[in-house]
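> predicted structure and sequence below. I'll ask about it afterward.
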Amino acid sequence: MDGLRHLVLDRPLAPPYPPGHLVFHLGMGCFWGAERLFWGLPGVWVTAVGYAGGHDPAPDYRKVCTGRTGHAEVVRVVFDPGVLPVEAVWRVFWEGHDPTQGMRQGNDVGSQYRSLLLVPRAWLEQARASRDRYQAALRRAGWPRPVTTEVAETGPFHFAEAMHQQYLARHPDGYCGLQGTGVGYGVE
């Protein structure tokens, strides 16, 4: 993605990123809608869509859609935690999709649509705590299924093809099957 710039934020998609910024990879189903949830938040430097969490060293959209690469569609969120607190990122993540659906989001079915939270090692404990907090909120609300989100340390990230980057900025009426549970994260 060298040289490719964010269509909305007009910043380079690829590193280097500003010092002090965090990089999280969030799988919420189809990456088009997930990316749109984040690119307008104050403190977000840049977003990009790609593939992570799998074993194929050179995934592309066609291969990921077979379900044989182990990769999920994810959005890379690069943000300044001094402007956008990590708890706010957790809130958008948990409330922005249904993390109890296993290998799907709505009509999108397959391992590439699973709920996935990949963070640097230093943030793993907090990421797991955010999952547990949202599970408790769902339980209090009487939600019938448990959270199935995989929480792990960030590994290799592979940028998706240019046509997928900021797709919904170019196609505002494009498909976005993301739906949350309607249950709030519960932290201001």
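Arrived safely, thanks for sending.
> and the one residue sitting closest to the centre of the chain, what is it in contact with?
Centroid check for the chain by C-alpha atoms, centre = their mean gives Leu26 as the closest residue, at 2.2 Å. The contact partners of Leu26, taken as C-beta atoms under 8 Å, 6 or more residues apart in numbering, are Ala34, Phe38, Val74, Val75, Val77, Phe93, Leu116, Leu117, Leu118. All C-beta spots, glycine's among them, are computed from the backbone N, C-alpha and C.
> quick check: the spatially closest residue to Leu116 that is not a sequence neighbour vs Asp2, distance?
Nearest residue to Leu116 in three dimensions, chain neighbours excluded: Gly27, at 3.1 Å (C-beta to C-beta, 6 or more residues apart in numbering). From Gly27 across to Asp2, the span is 24 Å (C-beta to C-beta, to the nearest Å).
> one more: Pro19?
Using C-beta to C-beta, we find Pro19 at a distance of 20 Å from Asp2.
> next one: Gln165
Counting by C-beta to C-beta, the gap from Gln165 to Asp2 is 13 Å.
> quick one: which of those two has more around it?
A side-by-side neighbour count of Gln165 and Asp2, using other C-beta atoms under 10 Å, places Gln165 first with 23 against 7.
> for that one, what are phi and psi?
Dihedral angles of Gln165 (phi, psi; degrees, to the nearest 10) stand at phi -70, psi 130.
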